[in-house]
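>>> Coordinates for the following, if possible.
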Amino acid sequence: MEETLILAGRIFDGVADAPLENAYVVVGDGRIRGVGPRSELAVNLDRFAHVLELAPDSTLLPGLINMHVHMSFSSGPDVMGDHLRESEQTRTVRAVENLKMALATGVTTIRDCATCNPVAFAVRAAVESGIMRGPRVIAAGEGITSTGGHCWFCSTEADSEVEVRKAVRAQAKAGADFIKLFSTGGNTTPGTNALAAQFSEAEMCAATEEARRLGLRTASHAHGTPGVRNSIAARVTTIEHCSFLEPDGMHYDAEQVQIIADEGIYVCPTLFRAGTKGLDAADPGLSEAQQALFRTQKMRAELVSRLAGQGVKIISGTDAGVAHNTFADYPGDLALSVEAAGLSPLYVLKSATSVAAEALGLPELGHIAEGKAADLLAVQGNPLEDIHALEQTRMVMARGRLVT
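As a prediction, the model looks like this:
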């Protein structure tokens, strides 16, 4: 077995609170075969097929995990219209290009939260087989929504406990890695109501019960408070957005949040800076759409801060693919969690590595340790001190294969 030695100024393993300085990692057959300080490394390096020596001020860390994307979405102002106009083949090409874009920024795993089955599972298989280089794909395939509900154009529609159970079984049969539920409406689907629940508590509980029976985790899109409450009652694995929206704005419910924390439900708040990068919120010349993006961003940053402060496990994901939100700036989105939400770089880095892997139920990811997957990212600088170092990509390795 050929092995590659990587020498780095420091290693953040995704789990420890401090980095390992002046360290090395050995990679072989897609796995990490060794890690430690250089002082423990044998002097003779001839046994390694390749030696990669990174800059002295570099940091090697686990490849990033984006826990919420829609890989076939256009990122345009009319995502649903684009989806309906485009052929399945075009959507597949778009998904491939989006994944390439993500990989270049150090994202080595994505969790796709609703893409039509033929596209989602074909792209996942292409990555798995090595036909294409991209982040590993954890795919729900089609979501489960109510008739005419949020993302109906890439979901199965169900309107009763029986239909919801059948939809879960159908997705499991099709090969879903997890089940995506749309508990409320959302902005991507005109005519839906983001404030109202699309499923009753009993229907949500039926869905999660069926998923657990089949060994599948669940993710619930929930903006309006009724949908958030139903998601909590159903004990979903992760709540997406978790906005606590009511007609007059966000009404943070500390009592319900405590249940989220106590039950170990993860929250993916989908905080992203796309559409506002380089703009000033105080600029009077901003368009109404730009002002709306800033308002949403501020609300979501406040939500993230309060959730983390109450002990909820935050996982990072950006909703890449929705309007104004591309796959090209995940490091910048993570920086926003530090700067706008007040989280520490350490917390944010874990939310995009080891904690995200924990939420996926895939302990081989998000951690630099012997036996783990060789998904690695090298950046210039120390992201534990300055999160913007994540934007200085120097090397990406996916499944032990060098990408950049």
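>>> what residue lies at the spatial centre of this protein?
With distances taken as CA atoms, centre = their mean, the residue of the chain nearest its centroid is Met67 (1.5 Å).
>>> State the distance from it to Glu358.
Going from Met67 to Glu358 by CB to CB, to the nearest Å gives 11 Å. Where you see a C-beta, it was placed from the backbone N, CA and C, and this is true even at glycine.
>>> for Ala373, same thing?
For Ala373, the distance to Glu358 equals 14 Å [CB to CB].
>>> helices or strands next to the helix or strand of the chain with the lowest mean pLDDT in the packing?
Lowest mean confidence among the helices and strands of the chain (mean pLDDT, DSSP states H and E): helix 288-309, at a mean of 87. Using 3 or more CB pairs under 8 Å, 6 or more residues apart in numbering; DSSP states H and E, the elements in contact with helix 288-309 are strand 238-246, strand 249-250, helix 254-263, strand 313-314, helix 330-339.
>>> and the angle from it to strand 238-246?
Going by axes from the mean of the first three to the mean of the last three CA atoms, to 10 degrees, helix 288-309 is angled at 120 degrees with respect to strand 238-246.
>>> What residues sit buried inside helix 288-309?
By neighbour count with 16 or more other CB atoms under 10 Å, helix 288-309 contains the buried residues 290, 293-294, 296-297, 299-301, 303-308.
>>> One more: stretch 119-133?
Under 16+ other CB under 10 Å, the buried positions of stretch 119-133 are 119-121, 123-124, 126-127, 133.
>>> got it, and stretch 184-194?
For stretch 184-194, the neighbour count (16+ other CB under 10 Å) marks 184-186, 188-189, 192-194 as buried.
>>> where does the chain have low pLDDT?
43, 279 (pLDDT under 70).
>>> what does the domain assignment say about it?
Split into domains by automatic domain parsing, the chain comes to 3-62+366-402, 64-360.
>>> before we move on, back to that, which one of the buried residues of stretch 184-194 is nearest to Glu255?
Using CB to CB, Thr184 is the member of the buried residues of stretch 184-194 that lies nearest Glu255, at 19.5 Å.
>>> and that closest one, what does it touch?
Each residue near Thr184 by CB atoms under 8 Å, 6 or more residues apart in numbering is listed here: 150, 192-198, 221-224, 226-227.
>>> if we can go back for a sec, surely the residue nearest to the centre of the chain touches Gly317?
Yes. Applying CB atoms under 8 Å, one finds Met67 in contact with Gly317, separated by 3.4 Å.
>>> okay, and the common contacts of those two?
Common neighbours of Met67 and Gly317, using CB under 8 Å, 6+ apart, are 111, 268, 356.
>>> Out of those residues, list just those in strands.
Using DSSP state E, the subset of those located in strands is 111, 268.
>>> okay, the shared contacts of Met67 and Gly317 in JSON lines with distance to Thr145 and neighbour count next?
Shown next, in JSON lines, are those (distance: CB to CB, whole Å; neighbours: other CB atoms under 10 Å):
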{"residue": "Arg111", "distance to Thr145": "18", "neighbour count": "28"}
{"residue": "Cys268", "distance to Thr145": "18", "neighbour count": "26"}
{"residue": "Ala356", "distance to Thr145": "25", "neighbour count": "29"}
